[in-house]
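1. Below is the structure, and that's it, no one-letter string:
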C-alpha cells in the first residue's frame with residue numbers, strides 16, 4: 001500500500017472512527033519472546049497511535065508469555081492478540097478467535113519481510129556439529145515445546161533428518177525469553193539451540209552478540225536476509241476475540257494497514273507495518289503432521305465413521321476373505337502334492353547317500369568343536385577305522401600329525417566363519433600307518449542360512465607326496481652340484497685374470513694398440529665370467545643358503561633395501577617414494593630384502609642419462625595376498641620382449657649401455673617362487689617406463705596355526 005492510498009484510507013476512516021467512538025478500554029495482548037520490558041518499549045508507540053486514532057478508546061498493551069497469553073484469551077480478558085502463527089491456530093481452534101485480520105510485516109533495510117523461520121545454531125568452535133544429523137544424542141536448548149519459530153519448525157527439520165525427540169536427543173527447556181536459549185548455548189549448558197529467525201542479527205545490532213562465534217546448522221539457500229535453518233512460514237497474526245465488535249475490528253485493522261515504514265510507531269516497533277492476511281495453511285499442515293497442539297489428540301471413530309471412511313477398503317477386505325477361502329482350498333490340494341514331493345525328496349536323499357557311500361574319496365561332516373558327525377566308507381578306510389561307531393562323535397584331530405594340528409583347527413574355525421578352505425596335512429592312521437591327505441572344506445548351511453556343519457572332501461595324496469619329495473631331493477642335489485661347480489670354476493678364472501694382468505704389465509712397453517685391446521677383451525671376458533658365476537652362486541643359494549622363513553615386517557625389508565641403494569640413488573640424482581600398506585608376513589628376511597633391492601636397483605639404473613629416475617614403491621594387502629609394485633619412468637620394455645625378462649642370462653640392453661649379469665630378474669623370479677608367489681611386469685613400450693610387481697602369500701597354508709581333529 002503506497003502513501004497516497006494510506007492518506008485516502010485515513011481520510012475515509014476519520015469520520016467512521018468519530019461516529020463509532022465510545023468510552024472503553026481496548027486490550028491488545030502481544031506474545032513476548034524477548035524480555036517484557038523490551039517488548040513493551042517496542043510496541044507501546046503502536047498502542048498510543050491506535051488510542052489517538054480511536055477517540056474515546058484507551059488502547060491498553062499487555063506483553064505476555066505463551067501461557068499468560070493463552071490464559072487471558074481463555075478468560076476473555078483481551079480484545080485483540082498479536083502472536084506467532086502456530087499459537088494463533090491453537091487459540092483459533094480452542095477459543096474461537098476470528099480469522100487472521102492482518103499479518104505482521106517485519107522490515108530489513110527498508111524492505112518488508114512477511115515471513116519468518118527457525119534457526120538451529122551452535123558455537124563456532126564445535127567441530128563435532130556441522131550438519132543436522134550431528135545433533136543426534138546432543139543437548140538441544142529451546143524456550144518451550146509450543147514456540148513455533150523457537151521449537152516446532154526445527155523439530156520438523158529434525159524429523160526429516162531421522163532424529164526424533166526425546167529418543168535421539170535431549171531437550172533443555174530454558175523458559176522465555178528466547179535470549180535464554182542463546183545464553184545456554186554460549187555458556188556450554190546446551191550443545192545447540194533453537195530460536196526464531198532475525199534474533200541473532202537483532203542481538204548483534206544491539207552489541208550483545210558476536211556473530212563470528214556462531215555456526216548455523218542446516219543453512220537454507222534463499223534470498224531471506226537473516227540466518228535460516230527451516231522453511232519460511234507466515235509472520236505473526238493479528239486476530240480478534242469473539243466478543244469484539246466487528247466495526248471496531250475493521251477500524252483497528254484499517255488503521256494498522258495504513259502504517260508505513262516511516263511512521264513513528266513502525267520505526268519504534270522496528271517493523272514495516274501490517275499487510276493483508278497471509279495463507280496460514282502451511283503452518284496448520286506442519287502442526288497436523290507433527291501432532292502438535294491443537295492437533296495432538298486422536299479423533300474418536302465410530303463403526304459408522306469407519307464404514308463411511310473405509311467403505312472401499314472394507315469391501316476389498318471382504319473380497320480378499322473370499323479369495324483367502326479359495327486359496328485355503330487350493331492349499332489343501334497343494335499339501336497333498338507336497339507330501340508326494342516330500343516322499344520323492346526322501347528317495348533322492350537316499351540316492352545321494354548311496355552315491356556318497358560309494359564315492360572313492362573321503363566325504364565327512366564335522367561339528368564346530370571338531371567332532372565327527374558323518375563319514376563315508378572311503379574316509380573310514382583312510383583313517384583305518386573298522387566302523388563309523390568307532391569314531392562317531394569323537395575328536396579325530398588326534399590322528400593328525402602334531403605339526404599340522406594347529407592348522408587343522410584353524411581350518412575348522414575358518415569354515416564355520418563362512419569361508420571355504422584347503423589344507424594339505426599328514427595323519428597317523430588308527431593302525432599306525434602314516435598318510436598324506438589333501439582336504440577341501442566348505443560350510444554346510446540350513447534353510448535359514450545358518451552354518452550347521454563342515455563338509456569336506458579329502459583325497460589320499462601319499463603316493464604323490466612321495467614323488468614330490470623325491471623330486472625335491474633330486475633338485476636339491478642338482479642345486480648343490482651347480483653350486484660346487486660354480487664355486488670351483490672361480491679359482492681358475494681368478495688365476496687367468498691375474499696372470500693376464502701381470503703379462504700385460506710386463507710387456508706394457510712392447511704392446512701396440514691392437515695387442516692391448518686383445519688383453520683388455522680377454523681380462524674383461526674373464527671378469528664378466530666371474531660375475532656370471534657369482535650370479536649363478538646367488539641363484540643357487542635361494543631357498544638353500546638363506547635365512548629360514550619367519551614372521552617379518554615387510555616395511556623393514558624395504559628400508560634395508562633402500563639403505564643398500566642409497567649411494568646409487570644419490571649418484572643418479574633420483575627420488576624414491578614408498579607408499580601403501582606393508583603388513584607382517586612369513587618370509588625369508590634376506591631373500592625379501594634382496595628381491596626388493598634388485599627390482600628397485602633396476603628402476604634406478606635403467607633410465608635416460610638426462611632424466612633422473614623417479615621410482616614409486618607401493619605395497620597393498622588383499623586377503624592373504626601381499627602385492628608390491630615398483631613403478632619407474634625409465635626406458636621401458638617392448639611388450640614382445642617381456643617373456644624373456646626372467647630367464648637366466650637374458651639381457652634386453654647391451655653391456656656398453658647398461659652393466660649387468662643378466663641373472664638379477666631370474667633371481668627375483670626364483671625368490672618369489674620359493675615363497676609360493678607370482679612375479680611379472682607391465683610396460684606400454686620403450687620410453688614409457690615400466691611397473692614390476694610381485695605377489696606373496698602373507699601366511700602360507702603350511703604355516704597356518706590352530707588345532708583340529710580330522711583326516
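-> Arrived safely, thanks for sending. Note that the structure is a prediction, hence the values are computed from the model and not measured.

2. Please parse this structure into its domains.
-> 3-112+235-290, 116-231, 359-460, 466-526, 549-702 (automatic domain parsing).

3. weakest of the ones you listed in terms of mean pLDDT?
-> Here the lowest mean pLDDT among the domains of the chain goes to domain 466-526, at a mean of 72.

4. picking up where we left off before, kindly reformat the domains of the chain as CSV and extend each row with mean neighbour count and distance to residue 324.
-> (Each C-beta comes from the backbone N, C-alpha and C, glycine too.) Output for these, formatted as CSV (neighbours: other CB atoms under 10 Å; distance: least, CB to CB, whole Å):
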stretch, mean neighbour count, distance to residue 324
domain 3-112+235-290, 17, 35
domain 116-231, 18, 37
domain 359-460, 17, 26
domain 466-526, 12, 67
domain 549-702, 17, 51
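
5. Can you redo those as CSV, where the extra columns are distance to residue 331?
-> Shown next, in CSV, are the domains of the chain (distance: least, CB to CB, whole Å):
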stretch, distance to residue 331
domain 3-112+235-290, 42
domain 116-231, 41
domain 359-460, 20
domain 466-526, 60
domain 549-702, 47
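
6. between those domains, which one is nearest to residue 319?
-> Ranking the domains of the chain by proximity to residue 319 (CB to CB) places domain 3-112+235-290 first, at 32.3 Å.

7. Give me the distance between the closest one and the centre of its chain.
-> 53 Å (CA atoms, centre = their mean, to the nearest Å).

8. still on that earlier bit, select, out of the domains of the chain, the one closest to residue 329.
-> Nearest of the domains of the chain (CB to CB): domain 359-460, 26.9 Å.

9. Quickly note the distance from the spatially closest residue to residue 170 that is not a sequence neighbour to residue 149.
-> Once flanking residues are discounted, residue 170 sits nearest to residue 139: 4.9 Å by CB to CB, 6 or more residues apart in numbering. Separation of residue 139 from residue 149 (CB to CB, to the nearest Å): 20 Å.

10. ok so, going back, looking at the domains of the chain, which is nearest to residue 315?
-> Closest among the domains of the chain, using CB to CB: domain 3-112+235-290, at 28.2 Å.

11. State the helix or strand in which residue 563 lies.
-> Using DSSP states H and E, residue 563 sits within helix 554-572.

12. now the angle from the next helix or strand after that helix to helix 554-572?
-> Per DSSP H and E, helix 554-572 leads on to strand 575-580 as the next helix or strand towards the C-terminus. Relative orientation of strand 575-580 and helix 554-572, computed by axes from the mean of the first three to the mean of the last three CA atoms, to 10 degrees: 170 degrees.

13. neighbouring strands for strand 575-580, and are they parallel or not?
-> strand 614-622 (parallel) (DSSP bridges).

14. ok, back up a step: quick one: closest of the domains of the chain to residue 323.
-> That would be, of the domains of the chain and by CB to CB, domain 359-460, which comes in at 28.2 Å.

15. Off-centre distance for that closest one?
-> Using CA atoms, centre = their mean, the offset of domain 359-460 from its chain centre is 39 Å.

16. ok so, going back, show me what the helix holding residue 563 is packed against.
-> The criterion is 3 or more CB pairs under 8 Å, 6 or more residues apart in numbering; DSSP states H and E, and the helices and strands that helix 554-572 contacts are strand 575-580, strand 584-588, helix 589-605, strand 614-622.

17. Identify whichever of those lies nearest to residue 78.
-> strand 575-580 (73.9 Å).

18. Who does residue 632 form a beta bridge with?
-> Assigned bridge partners for residue 632, using DSSP bridges, are residue 690.

19. and it, what is it in contact with?
-> By CB atoms under 8 Å, 6 or more residues apart in numbering, the contact set of residue 632 is 602-604, 606-607, 613-616, 689-691.

20. With distance to residue 288 as added columns, please give the residues you listed in CSV.
-> Shown next, in CSV, are the contacts of residue 632 (distance: CB to CB, whole Å):
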residue, distance to residue 288
602, 75
603, 71
604, 74
606, 76
607, 75
613, 72
614, 67
615, 68
616, 62
689, 68
690, 69
691, 64
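
21. I appreciate the help and will end here.
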